[in-house]
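Novice: Would you be able to build a 3D model of this:
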Amino acid sequence: MTFNFDRVFAAAFAIALSAVAMATAIVPATPTLIA
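Specialist: Numbers count the residues shown, from 1 in each chain. This next block holds a predicted model:
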């Protein structure tokens with residue numbers, strides 16, 4: 001079984017980082033969308 005943990009961890013970290021960046025981009029715009 002070939003399992004590259006470093007690559008999986010890097011991919012998960014990149015996905016989490018992009019999710020945080022997307023959340024920080026969406027949250028300031030949410031009050032304008034609601035209003």
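Novice: Which parts of the protein are helices?
Specialist: For the chain, helices defined by DSSP state H occupy the ranges 5-26, 30-34.
Novice: mean pLDDT for those helices: which is lowest?
Specialist: Looking at the helices of the chain, the lowest mean pLDDT belongs to helix 30-34 (a mean of 70).
Novice: Give me the phi and psi angles of Asn4.
Specialist: For Asn4, the backbone dihedrals (degrees, to the nearest 10) come out as phi -90, psi 100.
Novice: Nearest to the middle of this protein, which residue? Look it up for me.
Specialist: Centre of the chain computed as the mean C-alpha position; nearest residue by CA atoms, centre = their mean is Ala19, 1.7 Å away.
Novice: most tightly surrounded among the helices of the chain?
Specialist: Most buried of the helices of the chain, by mean neighbour count (mean count of other CB atoms under 10 Å): helix 5-26, with a mean of 10. The C-beta positions use only the backbone N, C-alpha and C, and glycine is treated the same way.
Novice: export that helix as PDB, just CAs?
Specialist: Provided in PDB are the C-alpha atoms of helix 5-26 (Å, rounded to 0.1, in the frame of the first residue of the first chain):
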ATOM      1  CA  PHE A   5       1.000  11.000   4.200                       C
ATOM      2  CA  ASP A   6       2.900  14.200   3.500                       C
ATOM      3  CA  ARG A   7       1.100  14.800   0.200                       C
ATOM      4  CA  VAL A   8      -2.300  14.100   1.800                       C
ATOM      5  CA  PHE A   9      -1.500  16.400   4.700                       C
ATOM      6  CA  ALA A  10      -0.400  19.100   2.300                       C
ATOM      7  CA  ALA A  11      -3.600  18.700   0.300                       C
ATOM      8  CA  ALA A  12      -5.800  18.800   3.400                       C
ATOM      9  CA  PHE A  13      -3.900  21.900   4.700                       C
ATOM     10  CA  ALA A  14      -4.300  23.700   1.300                       C
ATOM     11  CA  ILE A  15      -8.000  22.900   1.300                       C
ATOM     12  CA  ALA A  16      -8.400  24.100   4.900                       C
ATOM     13  CA  LEU A  17      -6.500  27.300   4.100                       C
ATOM     14  CA  SER A  18      -8.600  28.000   1.000                       C
ATOM     15  CA  ALA A  19     -11.700  27.400   3.100                       C
ATOM     16  CA  VAL A  20     -10.600  29.900   5.700                       C
ATOM     17  CA  ALA A  21      -9.700  32.400   3.000                       C
ATOM     18  CA  MET A  22     -13.100  31.900   1.400                       C
ATOM     19  CA  ALA A  23     -14.900  32.300   4.800                       C
ATOM     20  CA  THR A  24     -13.000  35.500   5.600                       C
ATOM     21  CA  ALA A  25     -14.000  36.800   2.200                       C
ATOM     22  CA  ILE A  26     -17.700  35.800   2.600                       C
END
